[in-house]
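Undergrad: take this sequence and fold it.
(one chain, ligands or ions: 1)
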Amino acid sequence: VEGSLVGRDFFDETTEQSAVKTDIVSKYFFAWVKIMLGPKVQAPRVAYVDLFCGPGKYNDGTPSTPLMVLEHALGDNVLRGRLVTLFNDHDQVATAALRDTVSGLVGIESLAHSPRITEYAIGADIMKVVEDVRRGNTPTLFFVDPWGYKGLSLSLINAAVRDWGCDCIFFFNYNRINAGLNNDKVREHMDALFGKERADELRHELQELDPKERELTIVEKITEALSANGLRYVLPFTFKKSGGVQTSHQLIFVTKSPVGYKIMKGIMAKESTDENQGVPSFQYNPATVRQPLLFNFVRPLDELEGLLCSEYAGQELTFDEIFRRHSIGRPYVEKNYREVLRKLEAQGRIVAVSPAERRPVRKGEVTFAGEVKVKFPAKDN
Ligand SMILES: C[S@@+](CC[C@H](N)C(=O)[O-])C[C@H]1O[C@@H](n2cnc3c(N)ncnc32)[C@H](O)[C@@H]1O
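TA: So this is what the prediction gives:
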């Protein structure tokens, strides 16, 4: 059926890839909701908005994100009363299937706000519908998963993450965007996605590049556009094709919250199919599932050691400060910092002071709790 999940386009995505995508989105939703409903925030309402929702299930019956979200809500006493949802897809076959499945969910009538399922073609005016569902300052998680780039725009994502507590996850087909940048017929769509000026720059820069550099440049440009001059955190996760080299899709997370960033980083780190010296790859790579050593040629942890020593030379910072400042925009996770600092400490290249003890801890004993102070020697030492 043209335009539904059994359509031609869907075969661009493999089953495993879809499963990883669903996993990342639903795990983030669970963690995000916990914070929004938790003692610190106590949001009276939270919203989940899926602008390209599909039928909610794959052909083999595997539940997809809409169902994961609703089933989670049905199992949670508090969330049942506070979650509002909007599922949209311009394909009526998809929405009819979703309606059918949703109405069959056990306990669905116990949701205080029944899911709203709509059939708009995504364009600039969709945010009016979204605002109608959100009704005011409701923290909202957006999931934006079109097949191509139609309807996907920088202004849409900007509008989505504008308010407090609003995050956006979007998934796009890298090959189509890559090809679209060379295709004058879709110029308008590319301009909407990157912003006109940036799209022009990109077209120009790409002329000289090989495929690998091309990809890095495109992802970097999207990241730059979304980060809004550093006001927002952007985290990309790459899906590789079965050969392991070419990229098929990118999943990109955008948030203003350092907490949200840290949570998503942890989730994506766990979903990575490979790691190098304990540093996650932030990619799902079918080739490394089969052959984990294939890509193990750089040594990112050694690099982290050098980065920390030069960046913080002569300074004294707590572990938390180091981690918070340094990990943004880099692939490193907390345990990577602990490992490197522990090594530097054991080699006597830094001094670590635990405030609880008010004395230097014996070499090799520091656990690097958040408040431990680290002194880096000046550069010429
Ligand atoms: C990749 S599928 C979504 C899959 C879904 N997120 C999931 O995980 O199960 C993309 C969906 O977007 C819908 N779609 C594509 N372009 C659209 C547009 N401009 N407006 C609204 N829906 C659109 C298609 O009908 C299709 O069902």
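
Undergrad: could you use CA atoms for every contact and neighbour count after this?
TA: Noted.

Undergrad: let's verify Gly266: helix, strand, or coil?
TA: Put simply, Gly266 is helix when judged by DSSP: H, G, I helix; E, B strand; the rest coil.

Undergrad: leaving out chain neighbours, which residue sits closest to it?
TA: Val333 (7.3 Å; CA to CA, 6 or more residues apart in numbering).

Undergrad: who's in contact with that neighbour?
TA: By CA atoms under 8 Å, 6 or more residues apart in numbering, the contact list for Val333 reads Lys265, Gly266, Ala269, Val279, Pro280, Ser327.

Undergrad: most neighbours among the residues you listed, which one?
TA: When neighbours are taken as other CA atoms under 10 Å, the top entry among these is Lys265 (25 neighbours).

Undergrad: thought Leu235 was touching it, still the case?
TA: Yes - counting by CA atoms under 8 Å, Lys265 does reach Leu235; the two are 7.4 Å apart.

Undergrad: so Ala199 touches His189, yeah?
TA: No - with contact defined as CA under 8 Å, Ala199 and His189 do not form a contacting pair (10.0 Å).

Undergrad: could you check stretch 89-100 against the ligand for contacts?
TA: Yes - interface with the ligand: stretch 89-100 contributes Asp89, His90, Asp91 (CA under 6 Å from any ligand atom).

Undergrad: quick check: beta-bridge partners of the residue nearest to Asn285 when sequence neighbours are not counted?
TA: Once flanking residues are discounted, Asn285 sits nearest to Lys240: 4.9 Å by CA to CA, 6+ apart. Going by DSSP bridges, Lys240 is paired in beta bridges with Thr247.

Undergrad: and after the helix or strand of the chain with the lowest mean pLDDT, which helix or strand comes next?
TA: Lowest on mean pLDDT, DSSP states H and E among the helices and strands of the chain sits strand 359-360, with a mean of 54. Moving toward the C-terminus from strand 359-360, the next helix or strand (DSSP states H and E) is strand 373-375.

Undergrad: which residues touch that next one?
TA: In contact with strand 373-375 (CA under 8 Å, 6+ apart) are residues Gly314, Gln315, Glu316, Leu317, Thr318, Phe319, Ile350, Val351, Ala352, Val353, Ser354, Pro355.

Undergrad: apply 6 Å and report the result again.
TA: Gln315, Glu316, Leu317, Thr318, Ile350, Val351, Ala352, Val353 (CA atoms under 6 Å, 6 or more residues apart in numbering).

Undergrad: so in this structure, which helix runs the longest?
TA: For the chain, the longest helix by residue count, based on DSSP state H, is helix 15-37.

Undergrad: return the alpha-carbon coordinates of that helix using PDB.
TA: Extracted C-alpha coordinates of helix 15-37, given in PDB (Å, rounded to 0.1, in the frame of the first residue of the first chain):
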ATOM      1  CA  THR A  15      13.600  -5.000  11.200                       C
ATOM      2  CA  GLU A  16      16.600  -4.800  13.600                       C
ATOM      3  CA  GLN A  17      17.000  -1.100  12.900                       C
ATOM      4  CA  SER A  18      13.400  -0.400  13.600                       C
ATOM      5  CA  ALA A  19      13.600  -2.300  16.800                       C
ATOM      6  CA  VAL A  20      16.600  -0.300  18.000                       C
ATOM      7  CA  LYS A  21      14.800   2.900  17.000                       C
ATOM      8  CA  THR A  22      11.700   2.000  18.900                       C
ATOM      9  CA  ASP A  23      13.900   1.000  21.900                       C
ATOM     10  CA  ILE A  24      15.700   4.300  22.000                       C
ATOM     11  CA  VAL A  25      12.500   6.300  21.800                       C
ATOM     12  CA  SER A  26      10.500   4.300  24.300                       C
ATOM     13  CA  LYS A  27      13.400   4.100  26.800                       C
ATOM     14  CA  TYR A  28      13.800   7.900  26.600                       C
ATOM     15  CA  PHE A  29      10.100   8.400  27.000                       C
ATOM     16  CA  PHE A  30      10.000   6.200  30.100                       C
ATOM     17  CA  ALA A  31      12.900   8.000  31.700                       C
ATOM     18  CA  TRP A  32      11.600  11.500  30.700                       C
ATOM     19  CA  VAL A  33       8.200  10.800  32.100                       C
ATOM     20  CA  LYS A  34       9.700   9.600  35.400                       C
ATOM     21  CA  ILE A  35      11.400  13.000  35.800                       C
ATOM     22  CA  MET A  36       8.500  15.000  34.700                       C
ATOM     23  CA  LEU A  37       6.100  13.300  37.100                       C
END
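
Undergrad: packing partners of that helix?
TA: Using 3 or more CA pairs under 6 Å, 6 or more residues apart in numbering; DSSP states H and E as the contact test, no helix or strand touches helix 15-37.

Undergrad: in a markdown table, list the residues of stretch 89-100 next to the ligand along with secondary structure and neighbour count.
TA: As requested, the residues of stretch 89-100 next to the ligand are exported to a markdown table (DSSP: H, G, I helix; E, B strand; the rest coil; neighbours: other CA atoms under 10 Å):
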| residue | secondary structure | neighbour count |
| --- | --- | --- |
| Asp89 | coil | 24 |
| His90 | coil | 18 |
| Asp91 | coil | 21 |
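
Undergrad: nearest to Pro66, of the residues you listed?
TA: Comparing the residues of stretch 89-100 next to the ligand against Pro66 with CA to CA places Asp89 closest, at 11.8 Å.

Undergrad: from memory that closest one sits against Ile117, does it?
TA: No - using CA atoms under 6 Å, Asp89 makes no contact with Ile117, being 8.1 Å away.

Undergrad: which residue, neighbours along the chain excluded, lies closest to Phe327?
TA: To be clear, residue 327 is Ser; Phe isn't right here. Nearest to Ser327 is Val333, by CA to CA, 6+ apart, at 7.0 Å.

Undergrad: ok so, going back, if we take the contacts of Val333, which one ends up nearest to Ala378?
TA: Ser327 (21.7 Å).
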